[in-house]
Structure formats: structure tokens, C-alpha cells
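Engineer: Okay, here's the prediction I keep looking at, along with the sequence it came from:
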There are 2 protein chains.
Amino acid sequence: MRVSLKDVAAHAGVSIKTVSNVVNNYQHVTPAMRERVQRSIDALGYRPNLAARHLRKGRTGIIALALPELGNPYFAELAAAVIDAAAAQDYIVLLDHTGGRREQEVLVSQGFRARVIDGLILSPIELETEDLHDRAEQVPLVLLGEREYDLPYDHIAIDNVAAARAAVRHLMGLGRREVAFIGARRGRSEPAQLRVRGWREELTAAGLPTDDGLVAATDGWGHADGAAAMTRILETGRRPDAVFAYNDPMAIGAMRVLHARGLRVPEDIAVVGFDDVVEGRFGAVTLTSVSPDKEAIGRLAVESVLARLGGEAPDPRRIRADYRLVERESTLGRR
Amino acid sequence: MRVSLKDVAAHAGVSIKTVSNVVNNYQHVTPAMRERVQRSIDALGYRPNLAARHLRKGRTGIIALALPELGNPYFAELAAAVIDAAAAQDYIVLLDHTGGRREQEVLVSQGFRARVIDGLILSPIELETEDLHDRAEQVPLVLLGEREYDLPYDHIAIDNVAAARAAVRHLMGLGRREVAFIGARRGRSEPAQLRVRGWREELTAAGLPTDDGLVAATDGWGHADGAAAMTRILETGRRPDAVFAYNDPMAIGAMRVLHARGLRVPEDIAVVGFDDVVEGRFGAVTLTSVSPDKEAIGRLAVESVLARLGGEAPDPRRIRADYRLVERESTLGRR
DNA sequence: TTGAAAGCGCTAACAT
DNA sequence: ATGTTAGCGCTTTCAA
């Protein structure tokens, strides 16, 4: 059986409390006593039982991170950032994925998937405001990503509208006039709405029409969805001179289609992605992309959850992380 | 405060045990009683406190998964498989990453990073046999991946030597005679040794020399490392007619270099990767790759850990997962 | 500065 | 079929 505080106490000939004091680095312990107890701890190989500690303190030292899908490298990289930020505060991360499906997101937000957690970081796709209204769960929740909710939770994201505008502006600056948007979402909910809005606003500001025939809706957000959307646009006979994709995998999928059809990037069609995943830097044509500060997002998310744990209840905040546009061959061409 | 069993019992006018019986779906409860208790549970919004349950049962319902890095899509996809397999058994996954560094791997294997877990799935890179010898931790450990250890732990992997041989054989079948290997590892430990061995064996079997000038060692396993290694080989003046990379990101990095130098894939140099990540299917030239059955690996890993939890102590097994070689444009060319 | 004892919420052995 | 109770390992008053 495992050794408990009691065993150590018996071995050292002291009380349980004294051992506990040593384990928890309590101030007022004489060095001699600390020494003696520590010796017993080492001798017996004592390791505190966290379940018991948690039961007692009501804390588990675990935060959950629920992402749409790990296959998308953006989320994988984000997960890495969150794990590191959590580790820096002695927290461990439970990872879950929702597939971006509302039902799963609701389950997660209600705490039905992971129940041993001190806090939850959720990046929703389809989740609706009303799903969060009757949240029985009282563990702190922090929201990530493009969807915005008018609810009292911290929300961390970059300014998606501004970022999308910057991307489109970059294309305009290169003389492109017909910019397609790939990755609007089918159905009622519109996860991509902020980026579509940025696209629309920037075109309008430039005095250009925003042609819905150039907006391709998709079911998912992977390479294949981007490829399918690009194909669909081309098959209508439209020939835009630029494409702005909801994310990098979709942009890369689109480029694959362009390449296969003999269209040159960027000479014939320039392409801009979103998220700046590593993969975009190593294709035959490197990808221009909006690069959110993932490190910061991960760190801010962890800080937000933990802040609410301390009993402090700061007002819910909308936190803006940085981003920048990384210009590469898919818009600038080969230097 | 949270509602406890006691609160529900009081509300329903029954004993704690009865409520517990209902919550745990104990057999012998009259439907009427079950109904009545359930009503109280719903009314009060009772949710079991897992910390307490775990303290009592000595189980947490959590398994840890420690991977080298999430940025590599192979590991991200594997993580997804493990999470799903665990969910199917009502288990939740704590995710950690080691950076493939021995020190971190040791920490993880000793349980110093996550201590509230029922089992651990570890995919080591630098870890040495002796690091596992004095494992104080008694939670079940399952090993994943290419490194093999002569130790009493379950180990799940594909047959790396055979898979590497299949890849090289495919190249030989296409008439290639000078096959470089990218991604051998610097330093004492050799995570890539099985794949290098397969490469060597197959060349030897074909009566070809295995030229060490065609083996490029790297520090990491990312796109950039593959690109650097490819560059190094080319700059020695060597011009192999094929490249076999340790993994897909390295293969893609290498293809980027070839493309930038005007070398055609596969006409001038054919390329084969390993892991079959999604990204390889959408480049300008799609990538031929060894495709391990990630689903199966994830499932087998979870099953292995959980099997050892049941008190059963089956003999440690070496479990072989399936793989296949997926042939694409980087060796076959454009159809 | 250290010890004794209560109790966190739950399960399981035992009693009814 | 349901109730009583001890105790999982720890932290935390409270007392010495």
C-alpha cells in the first residue's frame, strides 16, 4: 500500500500535523524537526495523495481545455501554449475535443465530460448564447476564438474583423480587385462571420462590390473543405484574382486545386490564409497568413481562469491578443 | 456550497446509502425509490464529487498521455485517437508534452508532472532503459513509438523496420538506386534507429551499398530540420535520386528545398515520408508516406493501460499495429 | 512550535 | 431493499 502521512508520522515519531507542515512548507517548523521529518519522508518514499488533498481543499490542480479539433495545427499549437502556461502555474491540462459540434460543446460547458477540474477553457464553434445561459456548472469558464457571446465570461481573441481587413487590404494593395472568401459557414450559426465581415468592410471601403458569388460556404475547416470550395468557385466560371481563406488548411487545400488546374499562385490568384501554421511556411509556395499570437492567447486564457479561482471575481473582460500579417510567396511571389 | 449526497438524502427523506445506490445504479433498488431519489437529485442539481469518490476508490478516471510535441500533426492526430478511445471507456485524458527531451520524459515517467492519474501512456524519444528501471511510480505505464526497451511494459508500435523496408523497396521498384535517409538522430541515442536499419537492410538486400554520406542526422524532427538536412546533402554535391525521411514534416521540408532549387519531385528526386499526416495530401506534390494505423494505436494504448488497472497483470506485450504504404505523387508523379 | 481531532464527500461492509 | 457507520488521506481549527 502507499505510504500516508500517518506512516511518516509514526516513522518520525511525530504527529501527522507536523509532517503535513513540512510537506506544505509551513513557516514555523524548527530546522531540526524539518530535517528529521524529511528524512522519514525520503526513507519511506512518501508522496502526497492528491485526491485527498483535493477533497479537502476543493481544488484539483487541473484545468480543462476543449478545442474543436486537434488535427488543425493551429489548435495543436494553441494546446501546447496552454499546457506550458498552465505548467508555469503548477496546473495540468485535461484536453478534450468537440469536433466543433454544438452538442459536444454544450456537454463540455456543462462539465459533463470532465468533472474534476478547477476551470475550463473552451473554444466554441457552434455553441449558442442560450446554451450558456443555464450553465449549472460553477467552475470558471473562459471563452476563446472568433465566436462572441454577450455573456459574463472572459473572452480572449484577436480582433478578427480588423485582422481580416488587414488581409484584404494587403491584397488590394497588390492590385487585386476580385477577392473570394472561402470558409463561410453553412447553416444558421456563422463562426466565420467576423472574418467575412472584415472582408466585406474592407472591400466596401475600397469602393468595390461584395459579391456573394465569391463567398464559398463549407461544412468543415480542413484542407479538403478548402479544396472543395475552391473547386466550386472555379466551376461557376468565376476567376477571382485573390482568395482569402478562413484558415490555413483551407488556403492550402485551395492552393492545391489551383496548382492542379495550372493556375499560378500568386500570378493568377493570390492566396491569404489565417492562423499562420507551420505547414504554410514549407509548401512549394509559402503562404501569406494572419498570425495570431498563440503564446499570448494561451497565457491569457490560463491567467483568466486562474484569476477567477482566487475568489476574485473581476468583471468579465474581452481580451484582445495581438496578431500580425505575415507576407509570403502566395501574395508576394518568389523573390 | 455544492450539494452532497447528504443533502439529497435529507431532501428525499432517505439514507445516504440509498442515494448512493441510485447514483451508482445499484441493482436492488425499487423503481419507486429510484424515482423518488432521482427527483431530489434533479431538484437539487446534485453532481457527485469525484475527488471524494476517487479518494475512496483509489481511481481517478484520468489517464495521462505524454507526447513529444503537439506541433507535429502525427502526434496531434494520435492524441485525438487516444482521447476518443478513452472517452469510450469513460476515461478522460490529461495531455502533456515532453519536447522529446530526456529530462522531461523522466519526470513524466516518474509521475512528477501529473499525479492524479490511473495510468500513463508515454511516447519517448530520448528516454533510456535505465531511466525506467527505478520507476517508483506504480501506475501502469504503456510505451508508444519507435524506441524499444527491454523492460516489462506494454509497448505499442508498428513494425518500424519492416515499414521502412517497404518504403525503400517501393523506391527501388521505381528504379531508384541512391536513396538518402533524412532524420537520423545526432547524439548517443538513436530514436530513428529502426527506420535507419530498415533503410540499410533493404538496400543491402538489393545488393546496393549503404553510403553514410547519404544519411543526414538532425537535431529535431520538424519541417525546418528536414529542409536543413536536404540542403546539407545537396551542398556536399551529392545528388541522390530518392529521399526517405524520418517523418512527413521533414519530407515536406525537404521537398520545399528541392522545389526552391529547381529539382523536380519525383522526376529528379523521389520522396517518401512517414506518418501520413493530412498535410502531405495537399501539397503541390502529394507525399508518398508510411501510414500507421493511428486509430488502432490509440485504442490499443488505452486498452493496455486499463487492462492493467483491473488488477490483472498480463505479461508485458509487444503489440504491433498495422501500417501501409500510401503511394502518391512524390514517388509516382502526376497521373 | 507541535499535537489532537474533526470532517471534506464518498463507498463498502455490515446490520436490519 | 434500505439504513448505519467506518474510514479513504489530507488540511485545519483549536488546544497545549
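Structural biologist: Received the coordinates, thanks. Remember, predicted model here, so these are calculated numbers, not experimental data.

Engineer: quick one: low-confidence parts of the stretch 201-335 of chain A?
Structural biologist: A:311-313 (pLDDT under 70).

Engineer: same check, this time on the stretch 1-150 of chain A
Structural biologist: Looking at the stretch 1-150 of chain A by pLDDT under 70, you get A:1, A:136-137.

Engineer: if we go to 50?
Structural biologist: Within the stretch 1-150 of chain A, no range satisfies pLDDT under 50.

Engineer: show me where it has helices.
Structural biologist: Along the stretch 1-150 of chain A, the segments classed as helices by DSSP state H, counting those that start in this stretch run A:5-12, A:16-23, A:31-44, A:50-57, A:73-87, A:102-109, A:129-133.

Engineer: among the ones you listed, which is nearest A:Gly262?
Structural biologist: A:Gly262 sits nearest to helix A:73-87 of all the helices of the stretch 1-150 of chain A, at 28.0 Å, using CB to CB. Where C-beta positions appear, they are placed from N, C-alpha and C, glycine not excepted.

Engineer: Name the residues that touch the closest one?
Structural biologist: For helix A:73-87, the external contacting residues (CB atoms under 8 Å, 6 or more residues apart in numbering or on different chains) are A:63, A:65, A:67-70, A:92-93, A:95, A:121, A:123, A:144, A:247-249, A:275, A:277-279, A:294-295, A:297-299, A:301-303, B:69-71, B:73, B:75-76, B:95-97, B:113, B:279.

Engineer: Flag every buried residue along stretch A:212-229.
Structural biologist: A:214-218, A:220-229 (16 or more other CB atoms under 10 Å in any protein chain shown).

Engineer: mind checking the end-to-end distance for that stretch?
Structural biologist: Taking CA to CA, to the nearest Å, stretch A:212-229 runs 14 Å from one end to the other.

Engineer: about what we covered before: can you say which of the helices of the stretch 1-150 of chain A is packed in most?
Structural biologist: helix A:73-87 (a mean of 23; mean count of other CB atoms under 10 Å in any protein chain shown).

Engineer: Can you dump the C-alpha atoms of it in PDB for me?
Structural biologist: Taking C-alpha atoms only, helix A:73-87 is exported to PDB below (Å, rounded to 0.1, in the frame of the first residue of the first chain):
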ATOM      1  CA  PRO A  73      -2.300  22.500 -36.300                       C
ATOM      2  CA  TYR A  74      -3.500  25.900 -35.100                       C
ATOM      3  CA  PHE A  75      -5.300  24.200 -32.200                       C
ATOM      4  CA  ALA A  76      -2.500  21.800 -31.600                       C
ATOM      5  CA  GLU A  77      -0.100  24.700 -31.300                       C
ATOM      6  CA  LEU A  78      -2.500  26.500 -29.100                       C
ATOM      7  CA  ALA A  79      -2.900  23.500 -26.900                       C
ATOM      8  CA  ALA A  80       0.900  23.400 -26.500                       C
ATOM      9  CA  ALA A  81       0.800  27.100 -25.400                       C
ATOM     10  CA  VAL A  82      -1.900  26.400 -22.900                       C
ATOM     11  CA  ILE A  83      -0.100  23.400 -21.400                       C
ATOM     12  CA  ASP A  84       3.100  25.400 -21.000                       C
ATOM     13  CA  ALA A  85       1.300  28.400 -19.400                       C
ATOM     14  CA  ALA A  86      -0.600  26.100 -17.100                       C
ATOM     15  CA  ALA A  87       2.600  24.200 -16.100                       C
END
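
Engineer: Let me know whether A:Val302 touches A:Leu65 as I believe.
Structural biologist: No. Applying CB atoms under 8 Å, one finds A:Val302 not in contact with A:Leu65, separated by 9.1 Å.

Engineer: so what's in contact with these two at the same time?
Structural biologist: A:82, A:121.

Engineer: So which of these two has more stuff around it?
Structural biologist: Using other CB atoms under 10 Å in any protein chain shown, the more surrounded residue of A:Val302 and A:Leu65 is A:Leu65, with 30 against 26.

Engineer: bridging residues for that one?
Structural biologist: In this entry, A:Leu65 is beta-bridged to A:Leu95, A:Ile121, by DSSP bridges.

Engineer: so who does it touch?
Structural biologist: Contacts here follow CB under 8 Å, 6+ apart; on that basis A:Leu65 touches A:79, A:82-83, A:93-96, A:120-121.

Engineer: can we see that at 7 Å?
Structural biologist: A:79, A:82, A:93-95, A:121 (CB atoms under 7 Å, 6 or more residues apart in numbering or on different chains).

Engineer: which one of those residues sits closest to A:Pro140?
Structural biologist: Closest to A:Pro140, out of all of the contacts of A:Leu65 and judged by CB to CB, is A:Ile121, at 9.3 Å.

Engineer: Check what contacts stretch A:25-33 and list those residues.
Structural biologist: Residues outside stretch A:25-33 that contact it (CB under 7 Å, 6+ apart) are A:18, A:21-22.

Engineer: how about the helices in the stretch 201-335 of chain A?
Structural biologist: Going by DSSP H, counting those that start in this stretch, the stretch 201-335 of chain A shows helices at A:223-235, A:248-260, A:294-309, A:329-332.

Engineer: mind checking how far A:Asp276 is from chain B?
Structural biologist: For A:Asp276, the distance to chain B equals 13 Å [CB to the nearest CB, to the nearest Å].

Engineer: and that residue, how far is that from A:Val326?
Structural biologist: Using CB to CB, to the nearest Å, A:Asp276 is found at 6 Å from A:Val326.

Engineer: So the two - more neighbours on which side?
Structural biologist: Applying other CB under 10 Å to A:Asp276 and A:Val326 shows that A:Asp276 carries more neighbours, namely 26 against 16.

Engineer: and the closest residue to A:Glu148 other than its chain neighbours, which of the three is it?
Structural biologist: Distances taken as CB to CB, 6 or more residues apart in numbering or on different chains put A:His155 closest to A:Glu148, at 6.5 Å, once the chain neighbours are dropped. Counting by DSSP: H, G, I helix; E, B strand; the rest coil, the backbone at A:His155 sits in strand.

Engineer: of all the helices of the stretch 201-335 of chain A, which lies closest to DNA strand D?
Structural biologist: Proximity to DNA strand D (CB to the nearest atom of the strand) singles out helix A:294-309 among the helices of the stretch 201-335 of chain A, at 14.1 Å.

Engineer: Looks like A:Arg195 contacts A:Asn160 (just checking).
Structural biologist: Yes. A:Arg195 lies in contact with A:Asn160 (CB atoms under 7 Å); the separation is 5.5 Å.

Engineer: Quick check on those two: which one has the bigger neighbour count.
Structural biologist: Ranked by neighbour count (other CB under 10 Å), A:Arg195 and A:Asn160 place A:Arg195 first, with 27 against 23.

Engineer: just to revisit the earlier point, which one of the buried residues of stretch A:212-229 is nearest to chain B?
Structural biologist: A:His223 (4.3 Å; CB to the nearest CB).
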